[in-house]
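In: Sequence plus predicted model, see below.
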Amino acid sequence: MRASLIQIAVDPDESVKARRGRVASLIATQRGADLVVLPELWPVGAFAYEEFEAEAEPLRGPTHEAMAKAAADAGVWLYAGSFVERADDGTLYNTTLVFTPEGERAAAYRKIHRFGFDKGEAVMMGAGDELVTVALPQTTIGLATCYDLRFPEMFRGLVDAGAETLVVAAGWPERRRAHWTLLAQARAVENQAYVLAVGCAGTHAGVPQAGHSIVVDPWGEVLAQAGAGEEVLSVEFDPSRVAATREQFPALKDRRLGLAPPAVLG
Ligand SMILES: NC(=O)CCC(=O)C(=O)O
């Protein structure tokens, strides 16, 4: 199976409309890949909070339309990263879309863990509360977005729902690049799954992006990693290695669920 992770530069000197067109052209160059993956909030920028209201779109808005067409034109499964969705009740969500090679929407995932503590996304957006997996012909993918990467229980939930390849769309800052690589490898090792994690390049809202998109195998080995700039990271991998790894080193079978809470002394 071949996946192409497009590490998009998100800079304020390019309009959302221009970037949408440029990204569609980049997807067209990946014809022949089985899966193309885009990062988090690439139309507007994950840290460009002041733009969220103005650039919010309905689910079937311009990003949905452009990405459905791009998937169909290239004939690829497209993990289209996320955009700012405005729901019918006015709530904003950080929503990832997945399209089939025919351009049909296969899934929409609203980011579960919002970043920013008491500001930014955490206060401006609603939180999703549903895990999402999609069965591709070669592998079942589990969907996650950026800050989600810090929450292992969410990834275990995706694995319990059948995910073998964990896909993370991110706008991860350079400041915490070491965490990015470490957490991607940890999620792969503990779940004995592939991790495909794509970030952004460039600088938006004054936040330099980490880039360094990464593909990790079920043994925790890094199969490929991008540099800091805009880049397409293309990688071949064998999804059957997930079952083989789980069979040969069956740690997932040794889970102990439902343990008693610690006794309270005194
Ligand atoms: N957009 C995000 O979710 C950023 C997450 C982040 O910077 C971190 O977890 O660190």
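Out: Arrived safely, thanks for sending. Numbering: from 1, shown residues only.

In: rest of the way, CA atoms for contacts and neighbours
Out: Fine.

In: What residues does the chain have near the ligand?
Out: Ala46, Phe115, Cys146, Tyr147, Gly171, Trp172, Pro173, Arg176 (Cα under 6 Å from any ligand atom).

In: from those, which is closest to Pro62?
Out: Comparing the residues of the chain next to the ligand against Pro62 with Cα to Cα places Ala46 closest, at 18.0 Å.

In: Isn't that closest one up against Gly171?
Out: Yes: counting by Cα atoms under 8 Å, Gly171 is a contact partner of Ala46 at 5.5 Å.

In: so what sits against both of those two?
Out: Common contacts of Ala46 and Gly171 (Cα atoms under 8 Å, 6 or more residues apart in numbering): Glu40.

In: where along the stretch 51-200 of the chain do the strands fall?
Out: Using DSSP state E, counting those that start in this stretch, the strands of the stretch 51-200 of the chain run over 77-86, 92-99, 105-110, 133-135, 140-145, 165-169, 194-198.

In: Dump the ones you listed into JSON lines; add mean neighbour count and mean pLDDT as well.
Out: JSON lines is the format used below for the strands of the stretch 51-200 of the chain (neighbours: other Cα atoms under 10 Å; pLDDT from 0 to 100):
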{"stretch": "strand 77-86", "mean neighbour count": "28", "mean pLDDT": "98"}
{"stretch": "strand 92-99", "mean neighbour count": "25", "mean pLDDT": "98"}
{"stretch": "strand 105-110", "mean neighbour count": "20", "mean pLDDT": "98"}
{"stretch": "strand 133-135", "mean neighbour count": "18", "mean pLDDT": "98"}
{"stretch": "strand 140-145", "mean neighbour count": "26", "mean pLDDT": "98"}
{"stretch": "strand 165-169", "mean neighbour count": "27", "mean pLDDT": "99"}
{"stretch": "strand 194-198", "mean neighbour count": "29", "mean pLDDT": "99"}
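
In: Ala226: what's its closest spatial neighbour, skipping adjacent residues?
Out: Residue nearest to Ala226 in three dimensions, not counting chain neighbours: His212, with 4.5 Å by Cα to Cα, 6 or more residues apart in numbering.

In: same thing with Ala108?
Out: That would be Leu97: by Cα to Cα, 6+ apart, it lies 4.6 Å from Ala108.

In: so that neighbour touches Tyr79, yeah?
Out: Yes: using Cα under 8 Å, Leu97 is in contact with Tyr79, at 6.3 Å.

In: What residue in the chain comes nearest to the ligand?
Out: Minimum separation of the chain from the ligand (Cα to the nearest ligand atom) falls at Tyr147, amounting to 3.7 Å.

In: tally of neighbours for Phe117?
Out: 9 (other Cα atoms under 10 Å).

In: tell me the contacts of it?
Out: Val123.

In: Renumber starting at 7 from here on
Out: Happy to do that; since the first residue is 7 now, the last one works out to Phe123.
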